[in-house]
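Student: Attaching a predicted model along with its sequence, questions to come.
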Amino acid sequence: MEIKVKGSSMICPAQETPKESQWISNVDMVMTTYHVLLLYFYKPNGSSDFFKAQVLKEALSKTLVPFYPIAGRLASDENGRLEIKCNAEGVLFIEAETTCAIDDLGDFVPSLKLRQLVPTVDCSGDTSSYPLVMVQVTAFKCGGVSLGIGMHHTLADGTTSLYFINSWSEIARGMSQIREVPLIDRTLLRARVPRTPRFHHVEYDPPPLLNTSDPNPKPSSVSVFKITLDQLNTLKTKSFKNENATRYSTYTILAASIWRCASKARGLLDDQPTKLYMPTSGRLRLRPPLPLGYMGNAMFTASLIALSGNLQSEPFISTIEKIHGTLKRMDNEYLRSAVDYLETLPDITAARRGPQTFQCPNLNIINWMRLPLYDADFGWGRPIHMGPANVVHEGKIYLLPSPTDDGSLSLVACLESSCMKLFRKHLYEGIMELDKIRARY
């Protein structure tokens, strides 16, 4: 797919905004220091001004007024700690076109091809040299459009990113103001005085290493697996035990199945420890809850370790109960303890996630099922697809809702290429309807 760039500009706030240095929390500090790449696709609606760049730019400029830190840059304070310098330098906006048609992209599997639809900047230099948010609008020969957005993870988590994007779409649709004004105050997640970490925070411990004589990482690939509502319900029936009154979430049940399937497909030895990471929003778990408009990262990590042999031999309900208990533990006291623990570290960047964190034998399952992924209607209709543009870290799995709201979901998995076929086999065997299993045997 060949991309031709037609224009590039910096979009700055439409009005004067505060010039200040904004402190960031420990939760911001441990996020990976790169742009998360999001990609939307829109089919043409017959409008003569379909995705007109000027409409998008003017709306973006207005949206940056209340969301002014997004137009800033990363900087370092006198102690070398990252902060956001609110200087209104702007968001990168690129206009591009391609001779490709949207239908040529198939199921929108994250790839280097899709990566071309989001801007690329050199982040190897000084942190103040590149924008925190980048946008690319690419016109396809079929008349459709993709909207690629790169959001720096130090700036925002998924909730904040979508809050900004959907607010931008509201302004583009003609709304005079956004529904919820952002709260620009990350001190709500400041460590307590005195610092009182009360728990062992296994989520920040180094990940288990693979017991192998070959330490070199193997090639990985990305696949998308569709799971229907009926298949989900089949999996849920396996969570019922002796009229157990506990109702487990869809995420809990899926995470248990995926972890077991991945461990089996990877061929892990019975005595191999494997660590499961589950990003968990603290917005409603904290007391008091964070305001709806809180702008920043509020994602904590629920994590547990098991031996592969135990994971594969124990009853499915036992794995579900372990995950349920780990997620239930993520209450206000545990989350505040996590923030305090990070404050005690001599170098907080040591707790920052990297490419090696989630790779085999470990797993990171990211839940986007309840996020408003498809609310970004800029005036020409809702997107037909939204998802990550590329997934480069082996061991990362995304759970995405259906754009048609039919109860189905997509599982986007980045695993070693050699075990992807087995992962697919184990995954679908676990969610097949009982009558189809009987028919096969």
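Tutor: Done, it's in.

Student: roughly how far apart are Gly379 and Glu170?
Tutor: Applying Cβ to Cβ, to the nearest Å, one obtains 10 Å for the distance of Gly379 from Glu170. Any C-beta I mention is one placed from the backbone N, CA and C, and that applies to glycine too.

Student: list the contacts for Ile323?
Tutor: Ile323 sits next to Thr252, Ala255, Ala256, Trp259, Leu276, Met278, Leu304 when contact means Cβ atoms under 8 Å, 6 or more residues apart in numbering.

Student: The residues you listed in strands, which ones?
Tutor: If you go by DSSP state E, the contacts of Ile323 have Leu276, Met278, Leu304 in strands.

Student: you'd agree the first one is up against Ser257?
Tutor: No: in this structure Leu276 lies outside contact range of Ser257 using Cβ atoms under 8 Å: 11.9 Å.

Student: Who has more neighbours out of the two?
Tutor: Neighbour count, other Cβ atoms under 10 Å: between Leu276 and Ser257, Leu276 has more, with 26 against 21.

Student: in the stretch 1-150 of the chain, which spans are strands?
Tutor: 3-11, 20-23, 35-42, 73-76, 82-86, 91-98, 133-139, 145-152 (DSSP state E, counting those that start in this stretch).

Student: To Leu183, which of those lies closest?
Tutor: With Cβ to Cβ as the measure, strand 20-23 is the member of the strands of the stretch 1-150 of the chain nearest Leu183 (12.1 Å).

Student: How about exporting that closest one as CSV, limited to the C-alpha atoms?
Tutor: Output of strand 20-23 as CSV, limited to C-alpha atoms (Å, rounded to 0.1, in the frame of the first residue of the first chain):
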residue,chain,number,x,y,z
GLU,A,20,2.4,25.9,32.8
SER,A,21,4.4,22.8,33.7
GLN,A,22,2.0,20.0,34.7
TRP,A,23,3.1,17.4,37.3
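
Student: So what are the sheet partners of that strand and their directions?
Tutor: If you go by DSSP bridges, strand 20-23 pairs up with strand 82-86 (antiparallel).

Student: so how far is the partner strand from its chain's centroid?
Tutor: In terms of Cα atoms, centre = their mean, to the nearest Å, the centre of strand 82-86 is set 22 Å apart from its chain centre.

Student: ok, now stretch 419-432?
Tutor: Centroid displacement of stretch 419-432 relative to its chain, using Cα atoms, centre = their mean, is 23 Å.

Student: avg pLDDT for it?
Tutor: Here stretch 419-432 scores 94 as its mean pLDDT.

Student: Between its first and last residues, how far does stretch 68-87 reach?
Tutor: Stretch 68-87 has its terminal residues 9 Å apart, counting by Cα to Cα, to the nearest Å.

Student: Return the set of buried residues in that stretch.
Tutor: Across stretch 68-87, burial judged by 16 or more other Cβ atoms under 10 Å covers 68-75, 82-87.

Student: out of those, which one sits closest to Gln177?
Tutor: Closest approach to Gln177 among the buried residues of stretch 68-87 (Cβ to Cβ): Tyr68, at 15.0 Å.

Student: wait, what's in contact with the closest residue to that closest one other than its chain neighbours?
Tutor: Spatial nearest neighbour of Tyr68, excluding adjacent residues (Cβ to Cβ, 6 or more residues apart in numbering): Thr17 at 3.8 Å. Thr17 sits next to Leu64, Val65, Tyr68, Ala71, Cys86, Ala88 when contact means Cβ under 8 Å, 6+ apart.

Student: Could you report the pLDDT at the fifth one?
Tutor: Predicted confidence (pLDDT) at Cys86: the value is 98.

Student: Do I have it right that it meets Gln22?
Tutor: Yes: Cys86 is within contact range of Gln22, at 5.9 Å (criterion: Cβ under 8 Å).

Student: Common neighbours of these two, please.
Tutor: Shared contacts of Cys86 and Gln22 (Cβ under 8 Å, 6+ apart): Pro69, Gly72.

Student: can you pull out the helices in the stretch 251-400 of the chain?
Tutor: Remark: helices assigned in the stretch 251-400 of the chain by DSSP state H, counting those that start in this stretch are 308-313, 316-328, 332-344.

Student: And the first one, what's buried?
Tutor: Neighbour-count burial for helix 308-313, with 16+ other Cβ under 10 Å as criterion, is recorded at Ser308, Leu311, Gln312.
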